[in-house]
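1. okay, predicted coordinates and the sequence, questions at the end:
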Protein chains: 2
Amino acid sequence: MTSDLLEKLDFKKGGGLIPVVVQDSKTKEILMQAYANRQAVEMTLKTGKATYWSRSRKEIWVKGATSGNTQKVVSVTADCDFDSLLYVVEQKGNVCHTGAATCFYNKLK
Amino acid sequence: MTSDLLEKLDFKKGGGLIPVVVQDSKTKEILMQAYANRQAVEMTLKTGKATYWSRSRKEIWVKGATSGNTQKVVSVTADCDFDSLLYVVEQKGNVCHTGAATCFYNKLK
């Protein structure tokens, strides 16, 4: 079933990338939003380590590979039209490169 | 301050659009993920009704305008590099066009 759903993911709409929402499994806070290509999703499912595609570095990015602030993946869920993903994770350390506990801290309203 | 942060939003990176993560204010569930252009963000801030850009219809989309399943916006927050937004909302009715209470229901893992 898992592999069937993987085939359904719509990478074309976003030029090979799908946006990934990342939520903390305990607090349910939104930690960050990133992107994954097919390889990154496959690696995430296989290794249980949250893996993305870095648009700036143009490479596969295993979260925490350099910082140590890894994410253990609890679940991977696609939305109704298979063009968005949700990773629920156990975050080790702080998620943000600024040191913040969530990347979402600039309140407009 | 709000308008200063609005100016910082990076619409260029996504060809005029910024991904928006939508979270329920009460349950903290992720309801959906959509996109906003600058006009949609401005309308959201001004009206308090969650507003997006529909990529399929290529038009401004006030959530619930036809279905009645509107979203009252509690907060709008940008992430660390201003290329992703989080709308925390009070959802009226079910969010998904399928009738589901969240658009994220296709579990891969």
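-> Received the coordinates, thanks.
2. what's the closest non-adjacent residue to the residue nearest the centre of chain A?
-> Nearest to the mean C-alpha position of chain A, counting by CA atoms, centre = their mean, stands A:V20 at 4.5 Å. With sequence-adjacent residues excluded and distances taken as CB to CB, 6 or more residues apart in numbering or on different chains, A:V20 is closest to A:L85, at 4.6 Å. C-beta: built from backbone N, CA, C; applies to glycine.
3. who are the contact partners of that neighbour?
-> By CB atoms under 8 Å, 6 or more residues apart in numbering or on different chains, the contact set of A:L85 is A:L9, A:I18, A:P19, A:V20, A:V21, A:A36, A:V41, A:V76, A:T77, A:A78, A:D79.
4. one more pass at 10 Å, please.
-> A:9, A:18-22, A:34-36, A:40-41, A:44, A:76-79, B:33, B:104, B:106, B:108 (CB atoms under 10 Å, 6 or more residues apart in numbering or on different chains).
5. one step back: show me the beta-bridge partners of the residue nearest to the centre of chain A.
-> A:V20 has these beta-bridge partners by DSSP bridges: A:A34, A:L85.
6. next up, the contacts around it.
-> A:V20 is in contact with A:32-36, A:40-41, A:44, A:50-53, A:76, A:84-87, B:19, B:33, counting by CB under 10 Å, 6+ apart.
7. for PyMOL, write a command that selects the buried ones of those residues.
-> This is how PyMOL selects the buried members of these, with burial counted by 16 or more other CB atoms under 10 Å in any protein chain shown:
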select buried, (chain A and resi 32+33+34+35+36+40+41+44+50+51+52+53+76+84+85+86+87) or (chain B and resi 19+33)
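8. low-confidence ranges in chain A?
-> A:1-2 (pLDDT under 70).
9. surely A:F11 and A:I18 touch.
-> Yes: assessed by CB atoms under 10 Å, A:F11 is found in contact with A:I18 at 5.9 Å.
10. and those two? which has more neighbours close in?
-> Comparing A:F11 with A:I18 by other CB atoms under 10 Å in any protein chain shown, the one with more neighbours is A:I18, at 24 against 15.
11. and the nearest residue to A:V89 once chain neighbours are set aside, how many neighbours?
-> Excluding the flanking residues, the one nearest A:V89 by CB to CB, 6+ apart is A:Q71, at 3.9 Å. Neighbours of A:Q71 under the rule other CB under 10 Å: 27.
12. isn't A:Q71 right up against A:K63?
-> Yes: applying CB under 10 Å, one finds A:Q71 in contact with A:K63, separated by 4.9 Å.
13. find residues that contact each of those two.
-> Joint contacts of A:Q71 and A:K63 (CB under 10 Å, 6+ apart) are A:22, A:31-32, A:44, A:49-52, A:87, A:89, A:91-92, A:95.
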